[in-house]
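Enquirer: Return atomic coordinates for the entry below.
(chains A and B)
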2 protein chains.
Amino acid sequence: MNSVAFISAEACEDAFYAAFAACDIEQMMAVWVHDAPLVCIHPGSAPLTSRHAVEDSWREIFNAGGGVQFSLTEQKVMESQEVCVRYVHENIHHGPGLRSMAVVCATNVYVLENGSWRMCLHHASPGPAAPKAGDGRLH
Amino acid sequence: MNSVAFISAEACEDAFYAAFAACDIEQMMAVWVHDAPLVCIHPGSAPLTSRHAVEDSWREIFNAGGGVQFSLTEQKVMESQEVCVRYVHENIHHGPGLRSMAVVCATNVYVLENGSWRMCLHHASPGPAAPKAGDGRLH
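Expert: A predicted model of the protein is given here:
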């Protein structure tokens, strides 16, 4: 598993969403950094900061659900030789016949670790119900 | 305004939360990058990707509310010579007598721009209602 290397942040991101859609826990954990600090925030949940906790969370998600498909709009915020920050607007199709849709905003950060790009941060949160930003936000 | 320089990501982050608490729009906009791409996501809202939209959003927040105080737990996720990624757990005290509290999870990314650290990404989302991560998350 550890031998999988990603030549770019984009390749790592592709693998992340492919692993998510396929409920592939090995590929999912190959995406994440192995030794560097990491943070994973699922929508509305507390941050997870260890590989063990992150792996447990994805196992739980994969066991509970499965069968999701993504329509993604991806945007690079910044990139250097060793860090890449990307914003992803996730339309998640789920449920019977994939007819339900949830909107999630995600910030993904990738770093170069031992010659491979890996994810070190995934912050996902509920997106706006409507296409436009709404009123009444806290901040 | 543009002459304000921050010698570290931490100094920039301090200025961000000070501007937020003080409803100081000039200091808030001094914190953000001037020419580089930026993303600002307020809880539950669509991402804002221009300085103009970001400034409008903070003006709206400052005009509507004011008088908040923060208890922050800050954690550096990664740092290089030109990028710093930080996770911040925000306890926001607000309302009459500052007796109400909201929990917000924030990812903040800072970059070195023309000799000063500036914020290029702020992703804030509703935190968990309870101290521990809950069940029933979408992902």
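
Enquirer: Do a quick rundown of the strands in chain A.
Expert: For chain A, the strands defined by DSSP state E cover A:39-41, A:69-79, A:83-94, A:100-113, A:116-126.

Enquirer: Least confident secondary structure element in chain A?
Expert: None of the helices or strands of chain A scores lower by mean pLDDT, DSSP states H and E than strand A:69-79, at a mean of 91.

Enquirer: what's near enough to touch the spatially most central residue of chain A?
Expert: Residue closest to the average C-alpha location in chain A (Cα atoms, centre = their mean): residue A:122, at 5.0 Å. Listed by Cβ atoms under 8 Å, 6 or more residues apart in numbering or on different chains, the contact set of residue A:122 reads A:16, A:39-41, A:106-109. From N, CA and C alone the C-beta is placed, and that goes for glycine too.

Enquirer: Pick out the residue of chain A closest to chain B.
Expert: residue A:125 (3.1 Å; Cβ to the nearest Cβ).

Enquirer: Now that residue: closest residue in space that isn't a chain neighbour?
Expert: Excluding its sequence neighbours, the residue lying closest to residue A:125 (Cβ to Cβ, 6 or more residues apart in numbering or on different chains) is residue B:125, at 3.1 Å.

Enquirer: How about residue A:103?
Expert: Residue A:103 sits nearest to residue A:127 (Cβ to Cβ, 6+ apart), 3.4 Å away.

Enquirer: Let me see the backbone angles for that neighbour.
Expert: Taking degrees, to the nearest 10, you get phi -80, psi 180 for the backbone angles of residue A:127.

Enquirer: any idea how far the residue nearest to residue A:83 when sequence neighbours are not counted is from residue A:118?
Expert: Distances taken as Cβ to Cβ, 6+ apart put residue B:83 closest to residue A:83, at 4.6 Å, once the chain neighbours are dropped. According to Cβ to Cβ, to the nearest Å, residue B:83 and residue A:118 sit 15 Å apart.

Enquirer: again, but for residue A:72
Expert: Distance of residue A:72 to residue A:118, given as Cβ to Cβ: 19 Å.

Enquirer: Poorly predicted segments of chain A, please.
Expert: Counting by pLDDT under 70, chain A contains low-confidence residues at A:1-3, A:66, A:129-139.
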